[in-house]
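> with the sequence up front, the predicted model follows.
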Amino acid sequence: MTVIGLDDTDSRERGMCTTHLAARVAERVREAGGDVERLLLVRLNPAVKHKTRGNAALAIHTDLDPKRAFELARDELEAAAETDDPKTNPGLVVAPHAPDETPDQVAVFARSAVREHLSREDAERRIEAADYRHAGWKNARGKIGALAAVGSWVAFAEWTYEHISYREAERWGTPREVDVESVFDAADDAYPAVWDTVDRGTGGAVCVPRTPCPILHGIRGDDPDAVRRVADRIDGEPVARTALFVTNQGTDAHLRDADLGTVEDDSGVAEGRAYRVTGTVVSKPETRRGGHVFFALADGRSELRCAAFEPTKRFRNRVRDLRAGDRITACGEVARGTLKLEKFAVRDLDTTELVTPSCSNCGRSMKSAGAGQGYRCRDCGTRADEKVEREVERELEPGWYEVPPEARRHIAKPLVRGGFDAPTHPER
């Protein structure tokens with residue numbers, strides 16, 4: 001068996017897509033007489049600043065001879081990679097073993113690539129130690145993702161699927177022709193096995209990209225047959241080729257559990273990583289310029305700023321419903337000292353508030369009797385020493401809340417997939 005790893009061949013401005021290159025390499029492998037067992041699409045750390053777009057690395061699992069597989073993949077990469085883009089630095093790694101025979105050091109590297117920031121030098125040391133064939137273009141940063149793709153089959157246990165349909169080459173960069181009504185009909189029938197196909201709140205077809213890449217639409221879900229059926233039901237322009245990918249999308253593989261700390265404290269949370277942290281809301285959510293919503297979360301020792309940014313749309317209303325005293329678990333990436341919310345779970349709600357007492361005789365609200373002197377009713381003369389607690393009705397309920405499909409990271413787990421530790425309130 002042979003594993004081909006590819007990364008960093010696309011471009012934000014020029015298009016292309018590493019999944020398309022992987023599909024082309026798979027076709028070349030079959031033409032050369034090899035069998036392709038699976039295509040793997042691995043989303044790496046979404047906080048890496050050097051990523052081209054979705055930070056995806058690809059692997060092809062095949063029985064083709066490693067030397068021949070390397071030659072075919074290198075030829076396809078040289079022909080298709082957008083190396084004119086200064087941010088595109090492709091890498092190719094070919095391993096001469098079965099996917100489940102990956103050395104431990106490579107599997108560890110793959111796990112780290114989803115949660116950490118790694119160096120090309122470290123990747124190359126491990127590549128040489130494992131005696132893998134490899135090639136890089138320009139600064140060869142893509143070797144990091146290519147090696148991670150090689151090791152990911154052993155590194156991760158949870159997988160989902162994506163069926164991708166590609167456009168005819170002459171249509172790349174032009175507006176896509178997709179019948180949105182057919183997308184919604186197919187998505188409704190296949191939900192929840194197929195998810196994040198549409199956003200019913202905005203009416204958008206999430207599965208249809210807005211970039212100049214070769215993808216017409218990508219259908220994600222837990223069942224490979226279901227994602228194929230949804231793709232087949234979508235009406236639109238001609239499809240040039242399709243590919244089914246096994247992927248870590250929708251798994252929360254990027255999140256790690258952590259005690260709430262400061263961004264400077266190594267025992268707490270750090271910049272450019274994603275976490276699942278629990279604490280108490282200690283400030284009223286505040287909507288600032290641009291529509292971003294901020295609040296502070298604390299655990300008694302330290303405090304972390306959290307934010308629901310404008311692109312999360314209606315999710316911000318759930319965040320605005322929080323109040324000081326609520327205990328929650330927050331998930332998201334830390335950037336510039338702020339946790340960018342992807343989802344949160346309400347653990348305990350503060351359902352009382354302190355209010356000015358009412359007079360026991362006339363029922364009117366008392367007035368302050370002066371600094372440190374409590375309250376009194378000006379009509380009846382009755383007194384109270386301090387404010388009293390009153391029950392408050394809350395819009396939020398215990399359980400998990402999430403950003404809508406249009407704002408979801410590729411790797412973030414939709415609530416509809418289940419497996420959460422509290423009731424869920426999925427967005428569709």
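Thanks, I have it.
> please parse this protein into its domains.
Following automatic domain parsing, one gets these domains for the chain: 2-155, 160-247, 255-351+393-419, 352-391.
> need those domains in a markdown table (columns: mean pLDDT, mean neighbour count and distance to H425).
(Glycine included, C-beta is placed from N, CA and C.) Formatted as a markdown table, the domains of the chain follow (pLDDT from 0 to 100; neighbours: other C-beta atoms under 10 Å; distance: least, C-beta to C-beta, whole Å):
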| stretch | mean pLDDT | mean neighbour count | distance to H425 |
| --- | --- | --- | --- |
| domain 2-155 | 92 | 21 | 23 |
| domain 160-247 | 97 | 19 | 13 |
| domain 255-351+393-419 | 92 | 18 | 5 |
| domain 352-391 | 88 | 13 | 23 |
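> redo those as JSON lines? Include distance to E427.
Listed next are the domains of the chain as JSON lines, based on distance: least, C-beta to C-beta, whole Å:
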{"stretch": "domain 2-155", "distance to E427": "19"}
{"stretch": "domain 160-247", "distance to E427": "7"}
{"stretch": "domain 255-351+393-419", "distance to E427": "5"}
{"stretch": "domain 352-391", "distance to E427": "29"}
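> check contacts around A240.
Contact analysis of A240 by C-beta atoms under 8 Å, 6 or more residues apart in numbering lists Y166, R167, E168, A169, P214.
> helix/strand/coil for the closest residue to the second one other than its chain neighbours?
Nearest residue to R167 in three dimensions, chain neighbours excluded: L216, at 4.8 Å (C-beta to C-beta, 6 or more residues apart in numbering). L216 falls in the strand class when you classify it by DSSP: H, G, I helix; E, B strand; the rest coil.
> I figured L216 hits S165, correct?
Yes - in this structure, L216 is within contact of S165 by C-beta atoms under 8 Å, at 4.5 Å.
> joint contacts of the two?
Each of V239 lies in contact with both L216 and S165 under the rule C-beta under 8 Å, 6+ apart.
> hang on, E353 is in a strand, isn't it?
Yes - assessed by three-state DSSP, E353 belongs to a strand.
> got the contact list for the closest residue to it other than its chain neighbours?
Nearest non-adjacent residue to E353, counting by C-beta to C-beta, 6+ apart: V392, 5.2 Å away. Going by C-beta under 8 Å, 6+ apart, V392 touches D350, T351, T352, E353.
> please enumerate the helices of the chain.
18-31, 66-80, 104-115, 120-130, 142-155, 180-190, 224-233, 315-320 (DSSP state H).
> list the helices and strands the longest one packs on?
Spelled out, it's helix 66-80. With contacts taken as 3 or more C-beta pairs under 8 Å, 6 or more residues apart in numbering; DSSP states H and E, helix 66-80 sits against strand 2-7, helix 18-31, strand 56-62, strand 91-95, strand 133-136.
> one more time with 6 Å
Secondary-structure packing of helix 66-80 (3 or more C-beta pairs under 6 Å, 6 or more residues apart in numbering; DSSP states H and E): strand 2-7, helix 18-31, strand 91-95.
> need these in JSON lines (columns: distance to P66).
Shown next, in JSON lines, are the helices and strands packed on helix 66-80 (distance: least, C-beta to C-beta, whole Å):
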{"stretch": "strand 2-7", "distance to P66": "5"}
{"stretch": "helix 18-31", "distance to P66": "12"}
{"stretch": "strand 91-95", "distance to P66": "5"}
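> closest one to A81 among these?
helix 18-31 (7.1 Å; C-beta to C-beta).
> ok, now which ones touch the nearest residue to M366 once chain neighbours are set aside?
Of all residues not flanking M366 in the chain, Y375 sits nearest, at 3.9 Å (C-beta to C-beta, 6+ apart). Applying C-beta atoms under 6 Å, 6 or more residues apart in numbering to Y375 gives the contacts P357, M366, S368, A369, A384.
> swap in 10 Å and give it another go.
Contacts for Y375 (C-beta atoms under 10 Å, 6 or more residues apart in numbering) come out as 356-359, 365-369, 382-388.
> same question, A98
Contacts for A98 (C-beta under 10 Å, 6+ apart) come out as M1, T2, V3, E37, H61, D63, W153.
> change it to 7 Å
M1 (C-beta atoms under 7 Å, 6 or more residues apart in numbering).
> now do it against V208, distance only.
Here A98 is placed at a distance of 36 Å from V208 (C-beta to C-beta, to the nearest Å).
> returning to what we had before: let me have the contacts of A240 in TSV, adding distance to E71 as columns.
Below are the contacts of A240 laid out as TSV (distance: C-beta to C-beta, whole Å):
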residue	distance to E71
Y166	24
R167	28
E168	28
A169	24
P214	24
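> buried residues, stretch 418-428. List them.
Neighbour-count burial for stretch 418-428, counted by 16 or more other C-beta atoms under 10 Å, picks out T424, H425, P426, E427, R428.
> and the longest strand anywhere in the chain, what does it pack against?
Longest strand in the chain, counting residues (DSSP state E): strand 338-348. On a contact count with 3 or more C-beta pairs under 7 Å, 6 or more residues apart in numbering; DSSP states H and E, strand 338-348 meets strand 303-308, strand 327-335, strand 399-402.
> could you dump the ones you listed to a markdown table with distance to L147?
A markdown table is the format used below for those (distance: least, C-beta to C-beta, whole Å):
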| stretch | distance to L147 |
| --- | --- |
| strand 303-308 | 33 |
| strand 327-335 | 23 |
| strand 399-402 | 32 |
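> G91 is nearest to which of these?
strand 327-335 (23.8 Å).
> turn the helices of the chain into CSV, including distance to K343.
Listed next are those as CSV, based on distance: least, C-beta to C-beta, whole Å:
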stretch, distance to K343
helix 18-31, 26
helix 66-80, 36
helix 104-115, 17
helix 120-130, 31
helix 142-155, 23
helix 180-190, 21
helix 224-233, 23
helix 315-320, 9
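> please identify which of those is closest to K413.
Of all the helices of the chain, helix 104-115 comes closest under C-beta to C-beta, at 13.1 Å.
> gap between the closest one and the chain center?
Mean-position distance between helix 104-115 and its chain equals 18 Å (C-alpha atoms, centre = their mean, to the nearest Å).
> quick one: contacts of that helix?
So helix 104-115 is contacted by 44-45, 118, 126, 129-130, 144-145, 147-148, 150-152, 154-155, 253-254, 256, 273 (C-beta under 7 Å, 6+ apart).
> now the terminal residues of stretch 372-384, how far apart.
Using C-alpha to C-alpha, to the nearest Å, the end-to-end distance of stretch 372-384 comes to 11 Å.
> same check on stretch 188-202?
Terminal residues of stretch 188-202 lie 15 Å apart, using C-alpha to C-alpha.
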